[in-house]
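Undergrad: make a model of this:
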Amino acid sequence: MMRALFALTIVCVLAAIIIAQNGGSPNADCDFDFEFKFLITHNFADAKTREVSVFMDPSAFNDKNLRKLFKYFSTKYRSPNTMTVRVETSWYTAGAPNIDCEGNGMSELPDDPERQKYHWALYLRSGENEVYRFNPKLGKKSMETVLLKGKLF
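TA: Below is the predicted model of the structure:
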């Protein structure tokens, strides 16, 4: 009985040490403190890929906040190896949120001049490579590319 209690104590202490060394909370959501608001409108995954769509507060759209948001998703969803996260700042382009259904993902609006009125970003992960693109200036078709990890693909 005493040995069993001793063994259980050792296991609990080791588990606490491992959790502490891995950054505290075993839940990645708890390690991020966001100063801005966002809403996940689509989140689908299978064995090969994950697709996430996010509506972000338009006033919070900037490079610093995008980096934090994409790091959050990269940390939260380490697999599968292929992931896309699309950020929209307008309900015009964002899909209607429904956490109970797979949904149809993001709205596809190619070459729509209305899109130039809103900021948006696209994060791509393929294996060890992570990159995102975003439109920093409204009314322009120019995009900025940011390499987060690995190499451009």
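Undergrad: I figured L147 was touching E128, is that so?
TA: No: if you go by CB atoms under 8 Å, L147 and E128 don't touch, sitting 11.9 Å apart. For every residue, glycine as well, the C-beta is placed using N, CA and C.
Undergrad: could you pull out the helices for the chain?
TA: Applying DSSP state H to the chain gives helices spanning 2-21, 63-76.
Undergrad: mind telling me which of these the model trusts least?
TA: Here the helices of the chain differ in mean pLDDT, and the lowest is helix 2-21 at a mean of 51.
Undergrad: point out where this structure drops to low pLDDT.
TA: 1-31, 95-111 (pLDDT under 70).
Undergrad: try it again at 90.
TA: 1-35, 90-117, 136-143, 151-153 (pLDDT under 90).
Undergrad: mind exporting the C-alpha coordinates of stretch 119-133 to CSV?
TA: Taking C-alpha atoms only, stretch 119-133 is exported to CSV below (Å, rounded to 0.1, in the frame of the first residue of the first chain):
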residue,chain,number,x,y,z
HIS,A,119,-9.0,43.7,-45.7
TRP,A,120,-8.3,40.0,-45.8
ALA,A,121,-5.5,37.6,-45.3
LEU,A,122,-4.6,34.0,-46.1
TYR,A,123,-2.3,31.8,-44.1
LEU,A,124,-0.9,28.6,-45.6
ARG,A,125,1.0,25.8,-43.9
SER,A,126,2.6,22.9,-45.9
GLY,A,127,4.8,20.6,-43.8
GLU,A,128,7.4,22.8,-42.0
ASN,A,129,6.7,25.9,-44.2
GLU,A,130,4.3,28.7,-43.0
VAL,A,131,3.5,31.8,-45.0
TYR,A,132,0.7,34.3,-45.1
ARG,A,133,-0.5,37.0,-47.6
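Undergrad: quick one: contacts of it?
TA: Residues outside stretch 119-133 that contact it (CB atoms under 8 Å, 6 or more residues apart in numbering) are 58, 61, 66, 70, 73-74, 81-89, 93, 134-136, 138, 143-153.
Undergrad: before we move on, back to that, the more surrounded of L147 and E128?
TA: L147 (12 against 9; other CB atoms under 10 Å).
Undergrad: neighbours of the residue lying closest to that one once chain neighbours are set aside, how many?
TA: Once flanking residues are discounted, L147 sits nearest to V131: 5.3 Å by CB to CB, 6 or more residues apart in numbering. Other residues within reach of V131, judged by other CB under 10 Å, total 19.
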